[in-house]
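Q: what follows is a protein structure lacking sequence information:
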């Protein structure tokens, strides 16, 4: 026998209850986004490497160390997408979707980063992303945060903390960068290797360091929020006012800078302490310069992404999503002439009672073995067809979850009978 081939490390199969939780989360998110008037967009998994180098930033960890990049047969450099925003921006620019119009879009799918796998963080991971183009005002920043809060409420997720900050304008950020570098340079010999490497290339990322030995240096660093331009201050105050009006609690985290170079003004994260070190489950912010950076006309933009694996882990840990969907009705057929009528009855019931899960026994089997499958399916009733029932156009309806008598029902009365049973 040939050696068994296993999945690549950090790229996992999703099945059973976890797959059910995935579907539940994505379907819930889509319903919320549609409530707010957002539309779906489908994006390629592979893009030109230049797209991510230009948008994310060549000196970020993602571009320097984490991307899956390869040359195709034409020797073009291609990359498996490490995040969704850049591809979405490329799509709306290429297809002319942001010319004098507002776009409110959402997408979902796998992303790829070569990093150390751990709970809720994998080399192939899934995101649900939302992007808005063409609106510069604070109300849309607030709406994105508010609709995520609505999703947590609908999912039953509590204990998530909202952290917000403002990165100001590009000019204010550049001026602050010089102030921060001057401060950090005093402690260069105390910085860890990552921070030394970032000091002159991406110093704001040092503020996001998780190294406890850097804690004092980071806490005492000048705060970007104290160096905002006046327009950005007003924008941030408006965002906070909207959140207060809706009753959404938040914490202003002056060290929240996000890992990607393209952000400006509002940034936010929803975090939890229940997933170890990887506590961020949803994050985003405003990126007004990115559309122009990728080749479009200057267009304000804001968005966020949710980590599906992390949220699924929370849902399952808190037992907020059910097991794989169970049957309501299970059709048992015994005899050579029963399977075809059984199939017809199954379709009739699905047409008439679309809210019910109707499972048909396929593959034959003895009466006893079929009832074992019916019981295992979780069905409330078994619909039993023998040759005698087929001849008389009747079915036996046997309760599987309660102590009640089996009843003989004519096919023409079956829908009304079962409607009454599931209504009670």
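A: It's in. Since we're looking at a predicted model, the values are computed, not measured. Residues are numbered from 1 along each chain as shown.
Q: quick one: residue 201 is in a strand?
A: No. When classified by DSSP: H, G, I helix; E, B strand; the rest coil, residue 201 is found to be coil rather than part of a strand.
Q: give me the distance between it and residue 177.
A: Distance, residue 201 to residue 177, by CB to CB, to the nearest Å: 11 Å. From N, CA and C alone the C-beta is placed, and that goes for glycine too.
Q: ok, those two, which is more surrounded?
A: Counting neighbours by other CB atoms under 10 Å for residue 201 and for residue 177 shows that residue 177 has the greater number, 16 against 12.
Q: ok, that one - contacts?
A: For residue 177, the contacting residues are 203, 204, by CB atoms under 8 Å, 6 or more residues apart in numbering.
Q: likewise residue 408?
A: Residues counted as contacts of residue 408 (CB under 8 Å, 6+ apart) are 389, 394, 395, 396, 397.
Q: which of the residues you listed fall within helices?
A: Taking DSSP state H as the definition of helices, those contribute residue 389.
Q: highest neighbour count among the contacts of residue 408?
A: Once you tally neighbours by other CB under 10 Å, residue 395 ends up highest among the contacts of residue 408, having 26 neighbours.
Q: so the closest residue to that one other than its chain neighbours: helix, strand or coil?
A: Excluding its sequence neighbours, the residue lying closest to residue 395 (CB to CB, 6 or more residues apart in numbering) is residue 383, at 5.2 Å. In the three-state summary, residue 383 is assigned as strand, counting by three-state DSSP.
Q: now the contacts of residue 408 as CSV including pLDDT?
A: As requested, the contacts of residue 408 are arranged in CSV below (pLDDT from 0 to 100):
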residue, pLDDT
389, 92
394, 92
395, 92
396, 92
397, 93
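Q: out of the contacts of residue 408, who's nearest residue 289?
A: When the contacts of residue 408 are compared for distance to residue 289, the smallest value, 65.2 Å, is given by residue 397; criterion: CB to CB.
Q: so what's that closest one up against?
A: 381, 382, 383, 384, 406, 407, 408, 409, 414, 417, 418, 421.
Q: one more: residue 180?
A: For residue 180, the residues meeting the contact criterion (CB under 8 Å, 6+ apart) are 203, 204, 206, 207, 221, 222, 224.
Q: can you check residue 26 too?
A: By CB under 8 Å, 6+ apart, residue 26 lies in contact with 108, 128, 308.
Q: of the residues you listed, closest to residue 18?
A: Nearest to residue 18 out of these is residue 308 (CB to CB; 10.4 Å).
Q: out of the contacts of residue 408, list just those in strands.
A: Among those, the subset assigned to strands under DSSP state E consists of 394, 395, 396, 397.
Q: can you tell me which of the contacts of residue 180 are in strands?
A: Mapping those onto strands (DSSP E) picks out no residues; all lie outside.
Q: need the buried ones from the residues you listed selected in ChimeraX.
A: Typed into ChimeraX, the line below selects the buried ones among the contacts of residue 180, using 16 or more other CB atoms under 10 Å:
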select :203,204,206,207,221,224
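Q: list of residues touching stretch 333-353?
A: Outside of stretch 333-353, the residues within contact range by CB under 8 Å, 6+ apart are 329, 331, 356, 358, 360-361, 364, 366-367, 370, 383-387, 389-390, 395, 411, 414-415, 418-419, 422.
Q: among these, which are in helices?
A: By the criterion of DSSP H, membership of the contacts of stretch 333-353 in helices covers 367, 370, 387, 389, 390, 414, 415, 418, 419, 422.
Q: what helix or strand is residue 303 on?
A: Per DSSP states H and E, residue 303 falls inside strand 301-307.
Q: how about residue 267?
A: Here residue 267 is covered by strand 264-271, with elements defined by DSSP H and E.
Q: off-centre distance for stretch 379-393?
A: For stretch 379-393, the distance between its averaged C-alpha position and the chain's averaged C-alpha position is 44 Å (CA atoms, centre = their mean, to the nearest Å).
Q: and stretch 94-112, by the same measure?
A: Distance of stretch 94-112 from the chain centroid (CA atoms, centre = their mean) equals 16 Å.
Q: correct me if wrong: residue 25 contacts residue 157.
A: No. Look at residue 25 against residue 157 with CB atoms under 8 Å: they stay out of range, at 10.0 Å.
Q: who has more neighbours, the two?
A: Taking neighbours as other CB under 10 Å, residue 25 and residue 157 compare with residue 25 leading, 25 against 18.
Q: isn't there a helix covering the more buried one?
A: Yes. Secondary structure of residue 25 (three-state DSSP): part of a helix.
Q: what's stretch 270-281 in contact with?
A: Residues from elsewhere that reach stretch 270-281, judged by CB under 8 Å, 6+ apart: 118-121, 148, 152, 159-163, 210, 269, 282-283, 306-307, 310-311, 313-314, 317.
Q: any stretches of the stretch 301-424 of the chain with poor pLDDT?
A: Across the stretch 301-424 of the chain, the ranges flagged by pLDDT under 70 are 322-325, 424.
Q: burial measure for residue 386, as a count.
A: Residue 386 is surrounded by 17 other residues when neighbours are defined as other CB under 10 Å.
Q: that one: what's it in contact with?
A: Going by CB under 8 Å, 6+ apart, the list of residues near residue 386 reads 334, 335, 338, 396.
Q: reformat these as JSON lines; add secondary structure and distance to residue 257.
A: Shown next, in JSON lines, are those (DSSP: H, G, I helix; E, B strand; the rest coil; distance: CB to CB, whole Å):
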{"residue": "334", "secondary structure": "strand", "distance to residue 257": "67"}
{"residue": "335", "secondary structure": "coil", "distance to residue 257": "70"}
{"residue": "338", "secondary structure": "coil", "distance to residue 257": "67"}
{"residue": "396", "secondary structure": "strand", "distance to residue 257": "67"}
